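# what follows is a predicted structure for the sequence shown.
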2 protein chains.
Amino acid sequence: MRASVAITVSGLKTACSQCNLVELCLPFGMPDSELSRLDELVGARRKVKRQQNLYRAGDTFEAIYAIRAGSFKTDVLLEDGRDQVTGFQMTGEILGLDGISTETHSCNAVALEDSEVCVIPYAKLEQLSHEVEGLQHQFHKVMSREIVRDHGVMMLLGSMRAEERLAAFLLNMSQRFTARGFSAAEFHLRMTREEIGSYLGLKLETVSRAFSRFQEEGLIAVQQKHIRLLDTAGLRKLIQHQTAGSGR
Amino acid sequence: MRASVAITVSGLKTACSQCNLVELCLPFGMPDSELSRLDELVGARRKVKRQQNLYRAGDTFEAIYAIRAGSFKTDVLLEDGRDQVTGFQMTGEILGLDGISTETHSCNAVALEDSEVCVIPYAKLEQLSHEVEGLQHQFHKVMSREIVRDHGVMMLLGSMRAEERLAAFLLNMSQRFTARGFSAAEFHLRMTREEIGSYLGLKLETVSRAFSRFQEEGLIAVQQKHIRLLDTAGLRKLIQHQTAGSGR
DNA sequence: CGTATCCTTGATTCGCTTCAACATTAGTGG
DNA sequence: CCACTAATGTTGAAGCGAATCAAGGATACG
């Protein structure tokens, strides 16, 4: 480490215009001419160690966060202790949108590995949206994408069986790794079986069994958290016709 | 009916500033001085008959819609024919936010009864957001609220049992009816058992059985779609401690 | 190198689905 | 207005998929 935590957190000046995540992140699709103006947007970067919270449910909402490095999970808690992972987030994705509605975060964001985020003060975002052409629209798109994504998860939770859910999950991860320039067929999951299960509405044993079954069937190769997709077409087929031919 | 359909659809001039739904809808919380400017926002009203689509998945996105009267459901379809209801919407709620992300709607919006919506052209909303103080923030809140709501449904689908889901659904409906000035304890559901089931990730038989069980236990009185909540505290308790005391 | 965490696998139980029959309501046309 | 029909809702019995309970094994971490 080259500097103390205090300095690292607040000191680094950041620049969207020079960030290699521009293709994935909030500025996506904005003309270069406008890009430099976005550099004002990011107040600071913040490092979050593995297992640490970026924010917690109940925290006052002040900023949204763009993941610069690493990955996160978000989860919601019920009074009785049950909790549910609502999403896994990767580089370039935006965290904290849930907080706008009540000025208070409604879920927890936890780093799955040592990570770094760009802090985007919401007030500054609102202000700059008035000045920079296209920023507002881009932000709306990000929020809308989140809504669409959530609908997909609802679909998954509401009408898919265990193995279909896991297949959909793996294909989704693969696609997101691909978009980040990593291999589509081989990747490392940062979350535990229990977290995957929580996200998919399954128990960890069920996730583990499904992994084993996929391996037996030659669809994937599993070695703990390291996954190799051997037959993506097979996985895709698995999702599509659960009750094929039933006509129901 | 006082006019032909064609005239009714396109002719009526609308005014947020005079709408009694202002407390629930997009303009909520905006000062009166700004309210009149929102009147520009609504291009026209559109009537949608029961069972008709307001929009379909795949339609080009052009506008969002505020429900002026009636109610809707939104659902997504999988290629293999399976579908899932992702939400039920009431007066004052906004439809169509899913379309911003790809310029194409990703779900279907269907009227559960003869309904009417205010058409808010998205381009006009973006433009006016630059001019009218607070509108942008208000719109962000609406989108954020949708995200938080979706997380709640994910929680429900991922970690609640059948009766808990239905109890949560009934309490949610009650709360929303209350917010609209209707009775909290007695209301008429506009959707079928199958639609409720789809929303809750259950089969219609399971929904029906849960209704019957609630009635046996004196929690509610059911007469087809007419529901009376007799013991809301009991319903609430049902949600909270499913596996209470298990310590797991 | 020891310990906590995470993962796998088996046996059993339980809740929801499926299949089926029937009841009720709503909608339609004679 | 009533008869007919389709849509919707209820209830029962049987089957199945995932949860639960339980034990052992692999891996990461200090």
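Looks like it arrived, so ask away.
# hmm, the lengthiest helix in chain A in reach of DNA strand C?
Across chain A, the longest stretch assigned as helix under DSSP state H is helix A:135-159. No: using CB under 7 Å from any atom of the strand, helix A:135-159 never reaches DNA strand C; the gap is at least 8.8 Å. Heads up, the C-betas are built off the backbone N, CA and C, glycines and all.
# just stretch A:169-183 next, same as before
No: under the criterion of CB under 7 Å from any atom of the strand, DNA strand C is not reached by stretch A:169-183; the shortest gap measures 13.2 Å.
# got the domain boundaries for chain A?
Using the TED database, the domain ranges for chain A come out as A:16-156, A:161-240.
# right, is the first one up against chain B?
Pointing back at domain A:16-156 there. Yes: judged by CB under 8 Å from any CB of the partner chain, domain A:16-156 and chain B are in contact via A:76, A:78-80, A:82-84, A:86, A:97-102, A:106-107, A:126, A:129-130, A:136-137, A:139-148, A:150-155.
# quick one on the thing from earlier: nearest to DNA strand D, out of the domains of chain A?
Each of the domains of chain A was scored for nearness to DNA strand D using CB to the nearest atom of the strand, and the closest is domain A:161-240 (3.1 Å).
# next, the distance between the ends of the closest one.
Its start and end residues considered, domain A:161-240 measures 11 Å (CA to CA, to the nearest Å).
# ranking the domains of chain A by burial, who's on top?
domain A:16-156 (a mean of 19; mean count of other CB atoms under 10 Å in any protein chain shown).
# next, the distance between the ends of it.
With CA to CA as the measure, domain A:16-156 spans 34 Å from end to end.
# quick one: mean pLDDT over that domain.
Mean per-residue pLDDT for domain A:16-156: 94.
# which stretches of chain A form strands?
Counting by DSSP state E, chain A has these strands, from start to end: A:44-48, A:53-55, A:63-69, A:72-77, A:83-89, A:94-95, A:108-111, A:115-121, A:186-188, A:220-223, A:226-229.
# can you tell me which residues in chain A are near DNA strand D?
Residues of chain A lying near DNA strand D (CB under 7 Å from any atom of the strand): A:161-163, A:201-203, A:205-206, A:223-224.
# which positions in chain A make contact with DNA strand C?
By the rule CB under 7 Å from any atom of the strand, the part of chain A lying against DNA strand C is A:192-194, A:204-205, A:207-209, A:211-212, A:222, A:224-225, A:243, A:246, A:248.
# which of those scores worst on pLDDT?
Lowest confidence among the residues of chain A next to DNA strand C: residue A:248, with 30.
# establish whether stretch A:174-189 and chain B are in contact.
No: Stretch A:174-189 does not reach chain B (CB under 8 Å from any CB); its nearest approach is 15.1 Å.
# contacting residues around that stretch?
The contact list for stretch A:174-189 (CB atoms under 8 Å, 6 or more residues apart in numbering or on different chains) reads A:24, A:90-92, A:173, A:196, A:225-230, A:232.
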